[in-house]
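Chemist: What follows is a predicted structure for the sequence shown.
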Amino acid sequence: MIKRIVKLTFRPEMTDTFLREVFEPSKNSIRAFPGCRHMELLRDTQQDNVLFTLSYWDAASDLEAYRQSELFQSTWAKTKILFASKAEAWSLTVLDDPKT
């Protein structure tokens, strides 16, 4: 399993635009994408314009298929124009899970 964290720093006045016009209309489609097991949106406790997505993917190939999809391409095009700074992303594998 791959866990993906993406840090999104928006221009402060564009954060609500992202939430309303990009995230809300696309979240269910992203969550239903083949190989996606979980996707949530988080907000930084100190900066309202800094959001994170945390998603779980069955395999790196599933994440890559999503990144090559029309869904990602169209969503990303609408998202990146709202940024204050470049997005940062990390793909991670779990080394120790207390649930297992």
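Modeler: That came in fine, so what should we check first? Only a predicted model underlies this, so the values are computations on that prediction, with no experimental measurement involved.
Chemist: and the most centrally placed residue in the chain, what are its phi and psi?
Modeler: Centroid-nearest residue in the chain, with Cα atoms, centre = their mean: Thr53, separated by 3.6 Å. Main-chain torsions, Thr53, degrees, to the nearest 10: phi -110, psi 140.
Chemist: Equivalent analysis for Gln47, please.
Modeler: Dihedral angles (degrees, to the nearest 10) for Gln47: phi -130, psi 110.
Chemist: Next, count neighbours for the closest residue to it other than its chain neighbours.
Modeler: In space, and not counting its chain neighbours, Gln47 is closest to Thr9: 7.9 Å by Cβ to Cβ, 6 or more residues apart in numbering. Glycine gets a C-beta too; all of them are placed from N, C-alpha and C. Residues lying near Thr9 (other Cβ atoms under 10 Å) number 19.
Chemist: what lines up beside the strand or helix carrying Thr9 in the sheet?
Modeler: Thr9 belongs to strand 2-10 when elements are defined using DSSP states H and E. Strand pairing for strand 2-10, determined by DSSP bridges: strand 50-57 (antiparallel), strand 83-92 (antiparallel).
Chemist: closest to Ala77 out of those strands?
Modeler: Closest of the strands paired with strand 2-10 to Ala77 is strand 83-92, at 11.9 Å (criterion: Cβ to Cβ).
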